[in-house]
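Chemist: what follows is a predicted protein model with its sequence.
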Amino acid sequence: MKKYLEQPGFLSPYGTFGADLSYLLAIGFTLLFMAGWYLAKQRKGQAHHTLTLIAMTAMLAYFVIYYLARELGAVAFEGKEGFGGGAFIYTWVFSPILSFHIWVVTVGIIMAVYMIILGYRVSVRSLDRSRTNRSAQAIHSSKKKGERVLADGPPKLTLERFSGYTLVISVFLAMVLFMIRLLSRPPGIGLFIAWFSLCVGGGVLLIALEGLARMFYPDGAKRHRAFGTFTMILYLIALFTSTATYLMLYVFWPHLSVK
Ligand code: HEM
């Protein structure tokens, strides 16, 4: 698989297949998220939920598969040697944009997981009118009975339960990833510790985020809208920064010996 990803690309003569595929998928996922955002703005909660859930799950799955296969060995991480531009551009332009991009993507991934869980904790089908913030008439006027809407009040689950479930699931996820990897190439203990820390570390960040969110947005509907808008803007920034990184690596200043 790693060899396959390192084949010549199809977008730029200097790109690799993995980089080109990643970039195309980044555009595709962002378009899907924007369509999901548009549906939420149109108050089509169920369609928004389906589209965002599919797009987010596909994006997370792609990330895991890509990084399992490449072990983070992308050209962008090879340091100055992997970059065809001069030292000045590397230090003052490429490196800051790449670091910023990695931060945005890392926060974006944590927000994706948090928002999917939050979506289920704060939404109800509109037939359950008692928990929605819409008037009965608005619900009746919805063509499809059972449209998904945000509910008033705090999200389901106490902080204790949220923390407990999150920790158990993150340990379970680390185990599953380890098993998957065992099926192809047995990983060393170092890689296992890295996956384990990544999953459990991510879980701890989710718990910290939930604690902070409770203080600033106790109402679940308001929290979903505010955090959701922030996440969508983050994805737009991720697309801009990945476009800049791609152009610098494979179009403006390709490292000719990489090909
Ligand atoms: C990464 C995942 C998600 C993001 C970034 C996100 C983002 C958003 C945003 C920005 C809004 C407010 C739109 C506006 O009025 O300006 C919204 C509304 C909503 N979201 Fe999500 N969402 C996500 C996942 C989910 C999931 C998984 C569900 C359900 C299980 C869900 C259910 C809803 C509902 C019901 C609304 C209200 C739509 C309405 O006003 O009728 N969302 N979301």
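Modeler: Right, received. Where do you want to start?

Chemist: tell me the pLDDT at Arg161?
Modeler: Listed pLDDT for Arg161 reads 95.

Chemist: quick one: buried residues of the host helix or strand of it?
Modeler: Using DSSP states H and E, Arg161 sits in helix 159-184. Residues of helix 159-184 classed as buried by neighbour count (16 or more other C-beta atoms under 10 Å): Phe162, Ser163, Thr166, Ser170, Leu173, Ala174, Leu177. The way it works is simple: take the backbone N, C-alpha and C, and place the C-beta from them, glycine included.

Chemist: got it, and stretch 51-62?
Modeler: So, applying 16+ other C-beta under 10 Å, buried residues of stretch 51-62: Leu51, Thr52, Ala55, Met56, Met59, Tyr62.

Chemist: now, the residues you listed that are in strands?
Modeler: Among the buried residues of stretch 51-62, no residue falls in strands (DSSP state E).

Chemist: in JSON lines: the residues you listed, plus distance to the ligand and pLDDT.
Modeler: Output for these, formatted as JSON lines (distance: C-beta to the nearest ligand atom, whole Å; pLDDT from 0 to 100):
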{"residue": "Leu51", "distance to the ligand": "9", "pLDDT": "96"}
{"residue": "Thr52", "distance to the ligand": "4", "pLDDT": "95"}
{"residue": "Ala55", "distance to the ligand": "8", "pLDDT": "94"}
{"residue": "Met56", "distance to the ligand": "5", "pLDDT": "90"}
{"residue": "Met59", "distance to the ligand": "9", "pLDDT": "88"}
{"residue": "Tyr62", "distance to the ligand": "15", "pLDDT": "83"}
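
Chemist: now, those that are in helices?
Modeler: Among the buried residues of stretch 51-62, the members falling in helices (DSSP state H) are Leu51, Thr52, Ala55, Met56, Met59, Tyr62.

Chemist: quick one, what contacts the closest residue to the first one other than its chain neighbours?
Modeler: Which is Leu51. Of all residues not flanking Leu51 in the chain, Gly36 sits nearest, at 4.3 Å (C-beta to C-beta, 6 or more residues apart in numbering). Applying C-beta atoms under 8 Å, 6 or more residues apart in numbering to Gly36 gives the contacts His48, Leu51, Thr52, Ala55.
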